[in-house]
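**Student:** sequence and predicted structure below; questions after.
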Amino acid sequence: MQDLRLTIKENRQLTDKMWKMVLCHPDLAVQKPGQFINLKIDGYFLRRPISVCDYAPGEVTIIYAVVGKGTKVLSEMQIGETVQALTGLGNGYDISEAGEKPLLLGGGAGVPPMYLLAKQLRAEGKMVTVILGFNTKSEIYYDEEFYKIGCRVILATADGSLGAKGFVTDVMPEDYSYIYTCGPEPMLKAVYKKAETSGQFSFEERMGCGFGACMGCSCKTITGYKRICKDGPVLRKEEILWED
């Protein structure tokens, strides 16, 4: 974990609610796709955990939703301003288990961590299929970026305004070697029930501290409760115990 003051290189709107921000620091390091950073927005007590979308040495890209006053402030910040952040948080995805035809499923705000994961899998020559799920056409973002790195991309919208009508589980192909997914819990449960292979599931949870001290984001597993921020956010399919 690093505690750094990051400089904003880019901050622009993608959709009505989603924004892309690029942050820089010479000492910044991200070890795995699926990790997250925890931003301290001046004037607000709780930090905002946001998944890493992309990474280059000294530079990290995040995509965030403007859902409250804190993220509204974040969207109004300008290039050259700085923001305090805890970086390198979470365990991230393990790409060694992917096989030759990994299937990536991202829903809504769960799309960004799929991008860095897809880049690394494509760099290893994997045949990557990405399913991106949204409520409607106007909410779709980053699909072109996945096309550009050579992924097979399948779009699903709940209202059928673009791509297949339905959810990510409605368009899952039959031929895949492993599953990686991130999204809201109902989506993760549905993927879990339909998956025919092993996989890794990244959970979206409200986090207080971001590094395991407060126990506010615990999840039940076969070995007891795990902290999503420290022991996760990625859990393997076989260890998850769903609570009603």
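**Tutor:** Looks like it came in fine.

**Student:** and the biggest strand by length in the chain, which strands flank it?
**Tutor:** Ranked by residue count and defined by DSSP state E, the top strand of the chain is strand 2-13. Strand pairing for strand 2-13, using DSSP bridges, gives strand 18-24 (antiparallel), strand 82-89 (antiparallel).

**Student:** lowest-confidence stretch among those strands?
**Tutor:** With a mean of 93, strand 82-89 has the lowest mean pLDDT of those.

**Student:** state the helix or strand in which the closest residue to Lys32 other than its chain neighbours lies.
**Tutor:** Sequence neighbours aside, Gly92 is the residue nearest to Lys32 in space, at 2.8 Å (criterion: CB to CB, 6 or more residues apart in numbering). No exception for glycine: its C-beta is placed from N, CA and C like everyone else's. Taking DSSP states H and E as the definition, Gly92 sits outside all helices and strands.

**Student:** the closest residue to Leu117 other than its chain neighbours and Ala123, how far apart?
**Tutor:** Nearest non-adjacent residue to Leu117, counting by CB to CB, 6+ apart: Pro33, 3.8 Å away. For Pro33, the distance to Ala123 equals 11 Å [CB to CB, to the nearest Å].

**Student:** higher neighbour count, the two?
**Tutor:** Neighbour totals were compared for Pro33 and Ala123, and Pro33 leads with 27 against 10 (other CB atoms under 10 Å).

**Student:** residues contacting the more buried one?
**Tutor:** Neighbouring residues of Pro33 by CB atoms under 8 Å, 6 or more residues apart in numbering: 52, 92-93, 95, 113, 116-117, 119-120.
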